[in-house]
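Asks: Have a look at this prediction, sequence included:
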Amino acid sequence: MNDSHRAMTPALNRDEMAAYLDEVFPEIHHGGRTMEVEAVQHGACRVRMAYHPKHVRPGGTLSGPSMMTLADFALYVAVLSVVGKVELAVTTNLSINFLQKPEKADLIAECRLLKAGKRLCVGEVSIFSDGGEDPVAHVTGTYSVPPRKD
């Protein structure tokens, strides 16, 4: 993760983030816990999707929908690291480029926000096979953040 994101304290630390996600999205763990927040910084995060055969598609590679889910999850975590507990922040755009066939291994997503405005957050995600040096996918996405009700 980028050192420039270390200067500010995240709105939620890793443990607070994990507890909040378990509270508002318990269904993400249906069928077993495969998503884990490994690190959180202000506007950045690292998340892991544990390898599971349910993520494998015909042809023996990890599926695009699984990688898209991981990227969207990472973007949501990065957005919450800036705005705090806002469960109704929603994806408005997600674009993915598949770069190479991922290994049958855990997938790691490293996300950083490029812009964190009052209403929109734009970020990018690089997805790697665990232990791999080159990304298997590159994702950009935008989240809409609802206005705060004070």
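Replies: Sure thing, it's come through.

Asks: and Leu114, what element?
Replies: strand 107-116 (DSSP states H and E).

Asks: what's that strand in contact with?
Replies: Contacts to strand 107-116, defined as C-beta atoms under 8 Å, 6 or more residues apart in numbering, come from residues 1-2, 5, 38, 43-49, 51, 62, 66-67, 70-71, 73-75, 77-79, 82-83, 121-130, 136. All C-beta atoms are positioned from the backbone trio N, CA, C, and that covers glycine.

Asks: Please narrow these to those residing in strands.
Replies: 38, 44-49, 62, 121-129 (DSSP state E).

Asks: So which bits of the longest helix along the chain are buried?
Replies: Ranked by number of residues, the top helix in the chain under DSSP state H is helix 64-83. By neighbour count with 16 or more other C-beta atoms under 10 Å, helix 64-83 contains the buried residues 66-83.

Asks: Restrict that helix to CA atoms and write it as PDB.
Replies: What follows is helix 64-83 as a C-alpha-only set of coordinates in PDB (Å, rounded to 0.1, in the frame of the first residue of the first chain):
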ATOM      1  CA  GLY A  64     -14.100 -13.200 -13.100                       C
ATOM      2  CA  PRO A  65     -17.100 -12.700 -10.900                       C
ATOM      3  CA  SER A  66     -15.000 -13.800  -7.900                       C
ATOM      4  CA  MET A  67     -12.300 -11.300  -8.700                       C
ATOM      5  CA  MET A  68     -14.900  -8.600  -9.300                       C
ATOM      6  CA  THR A  69     -16.500  -9.400  -5.900                       C
ATOM      7  CA  LEU A  70     -13.000  -9.100  -4.300                       C
ATOM      8  CA  ALA A  71     -12.400  -5.700  -6.000                       C
ATOM      9  CA  ASP A  72     -15.700  -4.300  -5.000                       C
ATOM     10  CA  PHE A  73     -15.200  -5.400  -1.400                       C
ATOM     11  CA  ALA A  74     -11.800  -3.800  -1.400                       C
ATOM     12  CA  LEU A  75     -13.200  -0.500  -2.800                       C
ATOM     13  CA  TYR A  76     -15.900  -0.500  -0.100                       C
ATOM     14  CA  VAL A  77     -13.300  -1.100   2.600                       C
ATOM     15  CA  ALA A  78     -11.200   1.800   1.300                       C
ATOM     16  CA  VAL A  79     -14.200   4.100   1.100                       C
ATOM     17  CA  LEU A  80     -15.200   3.300   4.700                       C
ATOM     18  CA  SER A  81     -11.600   4.000   5.800                       C
ATOM     19  CA  VAL A  82     -12.300   7.600   4.800                       C
ATOM     20  CA  VAL A  83     -16.000   8.100   5.400                       C
END
